[in-house]
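J.: A predicted structure for the sequence below; I have some questions about it.
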Amino acid sequence: KYEIDFRKQNYEQAAARLTEIVTKYGEDILADNALFLLGEMYQNVFKDEIKAAEYYKNLFLNYTGSMFGIEAKKRYRKLTENLPGSSEFKEIE
């Protein structure tokens, strides 16, 4: 359902569906994928780098075995390196 909403440019609804996956099925294999997609959406569609960084951070801290973990950490670092107050983000690394 997320993909249909995304293709139709219903981005808010797509993000809501992904958030629901993370909330309801946080232990499921789909949750890390949903977090990565949320990070991408907030980074590229909504242009909210702080929110995107939070999703990437959640992914690499809480889903250590995820195939998205390394890429999420790279994106997190890139997004947070120039943010005001970025020292609070860097403490997490």
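T.: Cool, the structure landed. For clarity, every value in this text was computed on a predicted model and none was experimentally measured.
J.: where does pLDDT dip in this structure?
T.: 85-93 (pLDDT under 70).
J.: repeat that for 90
T.: 1, 27-29, 82-93 (pLDDT under 90).
J.: work out for me the element residue 70 sits within.
T.: Using DSSP states H and E, residue 70 falls within helix 69-80.
J.: what is that helix packed up against?
T.: Judged by 3 or more Cβ pairs under 8 Å, 6 or more residues apart in numbering; DSSP states H and E, helix 69-80 is in contact with helix 30-44, helix 49-62, helix 86-90. (Glycine included, C-beta is placed from N, CA and C.)
J.: and if we set it to 6 Å?
T.: When contacts are defined as 3 or more Cβ pairs under 6 Å, 6 or more residues apart in numbering; DSSP states H and E, helix 69-80 packs onto helix 49-62.
J.: may I see the buried residues of the helix it packs on?
T.: 49, 51-60 (16 or more other Cβ atoms under 10 Å).
J.: which one of the residues you listed is nearest residue 18?
T.: Taking Cβ to Cβ as the measure, residue 18 lies nearest residue 55 of the buried residues of helix 49-62, at 9.2 Å.
J.: ok, the closest one touching residue 38?
T.: Yes: under the criterion of Cβ atoms under 6 Å, residue 55 makes contact with residue 38 at 4.5 Å.
J.: what sits against the spatially most central residue of the chain?
T.: Central residue of the chain (Cα atoms, centre = their mean): residue 39, 2.6 Å from the mean position. Applying Cβ atoms under 6 Å, 6 or more residues apart in numbering to residue 39 gives the contacts 52, 55-56.
J.: let's go with 10 Å and repeat that
T.: Neighbouring residues of residue 39 by Cβ atoms under 10 Å, 6 or more residues apart in numbering: 18, 51-59, 68, 71-72, 75-76, 79.
J.: once you drop chain neighbours, what's closest to it?
T.: Using Cβ to Cβ, 6 or more residues apart in numbering and skipping the chain neighbours, the partner closest in space to residue 39 is residue 55 (3.8 Å).
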